[in-house]
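Asks: missing the sequence, but the structure's below:
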């Protein structure tokens, strides 16, 4: 015989020895999902649990004999057992028959999983019987991966049965069959006769009693021979066993088998909490007994009644302990809006040492789920660890109470939830189960589907019947059973079920373990809990742990702590209390002592509290944190300010300030913005940090002025160089050369042989003038070029000027504003801080002495620490004020404190700069090996995880800096220094003009004569017309004639050069006239008559002579009577060769 994995099973894996006890081989095995092949068991008629994971496998069983021609090939699986059976012991006949029946049921169920039917036999009914008689063997299921052909008669149309049968499974009890039968008949007789079912069918109940731990073969035997044989439509399974071991496994196995077969089960299990909740096909089960969810709801109702917010869950390794913990968590989540619970611990006790987790816990209320024996061991170990007594409350489940025996093993004052599981309760529940079944049948036969799907399983282990592997009508019938509403006794709710098949309206008793006469302990009912119409808890007088009549607090006992602090906003702020009542208002925090203890000794508390020099009101971040810790940890406290007002540093080998208080054990805890560092941690214990910080620098903003070079800042240096040195020069020379080379423009043909007279007045300087005028959009008079190419180039330059000026104007507004200036330090590593004496003048900065910042600077920055000793301030507020008043340039302190003070400045004049140095955190400080450290650490982590610390930080770190004030200040009239750049630009222009004037004088005084004598003077007009005219007499005369200079005329020059020449000519003329008069007077004194000579004007010179030819240059023709030796035309070359003698100049004038 070879046996492979069965598809049936329980929460644990079991192996059955079904051979005649001497063969020591097993014939069948069952499992639950996730469990594997079970090995051979080691005893006779025993079931051995296995906890190792099982390997899923298909099912195949062969019973071979020598008459068969050949055995089918083996399937992969455990080693074949046929050889072991043949070589050891021959199986006895009656055991073989029993095994055959079991194997038939197992094979049917295995084929049901694969979708096949139940078939026993190798061929037809007759042939199969004959082969079995001859020993030919029995073949079940699919072999070798091939499906054997089967022949069966065509199924007949179903016919509604006249009798509907239900199986009643109850605990085995000596002489109990009569009581069960009587209860069954009474239940049937009490059914209302108005039900329709009595006119169509007859109800029948088949009784089956099972032992405490029935063997799997007996369970299969009862299903095949007792239930399937009579076509049961439902199973009424009522068991009051509470062993939570093999009995629970047997119940799980039975219920799961029924689910595989598709038979609805109406169950009442006292140990239903140990059953698997989500097993396969378990959805066809209705549970009449209170479930583990009902028990957890009742237990948490007790906690809510006495305001116990936090508790721990303790279980053994009992079946269903995971479901119990999960049910508690789900119930806590459901009640979160109504009552806030906190599960501190969830402990599964497998050995006494597992309870050590509760020793360090704050839990004083325990929910216990275990068997009675396991609970006794757990509570005994808990007593050794001092976890029982008047301060500890243990609330247990029904599994601990059980039949309420051996209560003396438990401590007095325990509470428990209970429902009756005695034999009387089983008999009473028979009537309820029969009613549910009858009402379900009534609902089903009234439905139209009853005609097509009548009740009656028609399943068989012997191959007879319709051949169904699973009753298809079972699920339909189950839905009708689940939707019934059965009326029971008056005053109690109807029997109804949830969609999961659990009882909707449950009732539990609240039990209390209390002493009686003779120091005996008994479980006494003190109240009840029910879930209808809404959850309600009724409790009478309770004897609490320790025999007390008042409930314990449910939390650790309150303890008192002396807490030392040192004020520092926003962590601890000080304000005077109310002078009349001596109390602090809600927004001012709690009362705290700021004077030494000797000053308040002997004073009455009320009087002392009204004295603000002795007591103050403390508020702030740390005070709010302290109140939350005190509320959850349950302690009282006294706040005392440190006497020396120092934070705590090591000075000459001794600690001072707050750390000295802890080292000398004068206080239990220090609460303030105390930074954690390695030196302090070597002598005290710190909690986990509640805030991160570091060393930071604060500076003040100063209102600056507009930069003198602000008008240049829209473009960088490279851009200005590109515009000034490239763009302007390129445009100027392009326009000039295009005009010079253009046929219609300017040329330099001014010589004697030239046939054209230059009529354009355009030069390089005038080209610069037009380029600058176009660039800056200046409305000045300019001489435009004549050439088309030069004009086109001028338009291109105008387009460039438009774009350039638009960009420049748009960006200029951003730079012509008032800027805030401050010392932009990079941190403590900045050279201005690290080496202050290298800067002239050095920055003035300081800190608070005897603080963490001071100690850090003294350790890592000796030079700045020694330098800033003269600028230190006693408090951080004084240091920040000094920065605002410009007494200090910077102040160094803790980053979070400085950030808070910066946000509190209404004018927003403060600013933290640079990166933080020496990152650390604030923590609560305790004495070495303090017993309070672990509980405070745990609570701080909880506050951080639930966001309370972050909410406190946001509340206290929010400042009152008002940017609106800054906007108002920006709209004030500008002062002179804020637009000084415009005046500076004007002053620079004036100085440049003066420089140009000086250059002009230098030119006329020193350079003009040399240029006039050189050959290059004729081309100077290309650069500047005025310069060219100043270098030629012809030009000066032409200029004078064109401007109307002459006798009785006063012309006007357009250029400074022309005006200078005219002024000089007039001066020389006046000098010549005066000299002529002196000579005439001298001649008259000697009796001589001067010759009649006259002076010719420039106009006369130009008008004399021949008619002017436009194609030739204009020349001067002096009258013959004026200059007889100068009658030939004069040219520029003649004038330069004669060096413009005085005689010529006087004659011309």
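Replies: Here it is on my side, so go on. These numbers were taken from a predicted model, which means no experiment stands behind them.

Asks: drop to CA atoms for contacts and neighbour counts, all remaining ones
Replies: Fine.

Asks: count of neighbours near residue 485?
Replies: Neighbour count for residue 485, taken as other CA atoms under 10 Å: 16.

Asks: wait, what's in contact with it?
Replies: Contact analysis of residue 485 by CA atoms under 8 Å, 6 or more residues apart in numbering lists 436, 439, 494, 495, 496.

Asks: any chance you could map the helices in the stretch 851-1000 of the chain?
Replies: 852-860, 862-867, 876-884, 895-904, 933-945, 948-956, 963-970, 980-1002 (DSSP state H, counting those that start in this stretch).

Asks: Between those, which one is closest to residue 763.
Replies: Closest to residue 763 of the helices of the stretch 851-1000 of the chain is helix 980-1002 (CA to CA; 17.9 Å).

Asks: Tell me where the stretch 401-550 of the chain has strands.
Replies: Using DSSP state E, counting those that start in this stretch, the strands found in the stretch 401-550 of the chain span residues 415-418, 507-515, 521-530, 536-539.

Asks: Tell me if I am right that residue 583 is in a strand.
Replies: No - counting by DSSP: H, G, I helix; E, B strand; the rest coil, residue 583 is not part of a strand but coil.

Asks: burial of the closest residue to it other than its chain neighbours, as a residue count?
Replies: Nearest-residue entry for residue 583: residue 577, 5.6 Å, with adjacent residues in sequence omitted and distances by CA to CA, 6 or more residues apart in numbering. By the criterion of other CA under 10 Å, residue 577 has 24 neighbours.

Asks: Would you mind measuring from residue 577 to residue 841?
Replies: 47 Å (CA to CA, to the nearest Å).

Asks: rank the helices of the stretch 851-1000 of the chain by pLDDT, which is bottom?
Replies: The minimum mean pLDDT among these belongs to helix 963-970 (a mean of 44).

Asks: name the helices or strands packed onto the lengthiest helix in the chain?
Replies: In the chain, with assignment by DSSP state H, the single longest helix is helix 1056-1085. The contact analysis (3 or more CA pairs under 8 Å, 6 or more residues apart in numbering; DSSP states H and E) places helix 1056-1085 against helix 1025-1030, helix 1033-1042, helix 1142-1148.

Asks: Please name the residues that touch residue 371.
Replies: Here residue 371 is in contact with 243, 244, 316, 318, 399, 400 (CA under 8 Å, 6+ apart).

Asks: and it, backbone torsions?
Replies: phi -80, psi 170 (degrees, to the nearest 10).

Asks: Just the pLDDT at it, thanks.
Replies: 89.

Asks: What distance do you get for it to residue 393?
Replies: Counting by CA to CA, the gap from residue 371 to residue 393 is 18 Å.

Asks: again, but for residue 290
Replies: Separation of residue 290 from residue 393 (CA to CA) stands at 23 Å.

Asks: okay, those two: which has more neighbours?
Replies: Between residue 290 and residue 393, counted using other CA under 10 Å, the more crowded position is residue 393 (27 against 24).

Asks: burial measure for the residue nearest to the more buried one when sequence neighbours are not counted, as a count.
Replies: Nearest non-adjacent residue to residue 393, counting by CA to CA, 6+ apart: residue 365, 4.8 Å away. Number of residues near residue 365 (other CA under 10 Å) recorded here: 24.

Asks: Residue 365 reaches residue 392, doesn't it?
Replies: Yes - using CA atoms under 8 Å, residue 365 makes contact with residue 392 at a distance of 5.9 Å.

Asks: which residue ranges form the helices in the stretch 401-550 of the chain?
Replies: Going by DSSP H, counting those that start in this stretch, the stretch 401-550 of the chain shows helices at 423-445, 449-452, 474-482.

Asks: Minimum distance to residue 198: which of those has it?
Replies: Between these, helix 423-445 lies closest to residue 198; by CA to CA that is 8.9 Å.

Asks: ok, residue 895 touching residue 916?
Replies: Yes - at 6.9 Å, residue 895 counts as touching residue 916 under the criterion of CA under 8 Å.

Asks: of those two, who's got more company?
Replies: Counting neighbours by other CA under 10 Å for residue 895 and for residue 916 shows that residue 895 has the greater number, 21 against 18.

Asks: and residue 250, how many neighbours?
Replies: 21.

Asks: so which strand or helix has it?
Replies: For residue 250, the host element (DSSP states H and E) is helix 246-261.

Asks: All the helices of the stretch 201-350 of the chain, residue numbers only.
Replies: Under DSSP H, counting those that start in this stretch, the stretch 201-350 of the chain gives helices at 216-221, 246-261, 292-305, 321-334.

Asks: Could I get the pLDDT score of residue 1133?
Replies: With respect to pLDDT, residue 1133 scores 44.

Asks: same thing with the one 10 residues further on?
Replies: Among the per-residue scores, residue 1143 shows a pLDDT of 40.

Asks: do the same with residue 677
Replies: You'll see residue 677 listed with a pLDDT of 91.

Asks: got the contact list for it?
Replies: Applying CA under 8 Å, 6+ apart, the residues near residue 677 are residue 920.

Asks: Distance-wise, check residue 457 relative to residue 477.
Replies: Between residue 457 and residue 477 the computed distance is 11 Å (CA to CA).

Asks: Tell me where the stretch 551-700 of the chain has strands.
Replies: Remark: strands assigned in the stretch 551-700 of the chain by DSSP E, counting those that start in this stretch are 559-565, 573-575, 590-593, 615-619, 635-641, 650-651, 654-655, 669-670, 685-686, 691-700.

Asks: counting contacts, what elements does the third one pack onto?
Replies: When contacts are defined as 3+ CA pairs under 8 Å, 6+ apart, strand 590-593 sits against strand 615-619, strand 635-641.

Asks: in the shortest one, what's buried?
Replies: Neighbour counts using 16 or more other CA atoms under 10 Å place 615, 616, 617, 618, 619 of strand 615-619 among the buried residues.

Asks: Check the longest one too.
Replies: Using 16+ other CA under 10 Å as the test for burial, strand 635-641 gives 639, 640, 641.

Asks: Check stretch 476-493 too.
Replies: Under 16+ other CA under 10 Å, the buried positions of stretch 476-493 are 476, 477, 478, 479, 480, 481, 482, 483, 484, 485, 486, 493.
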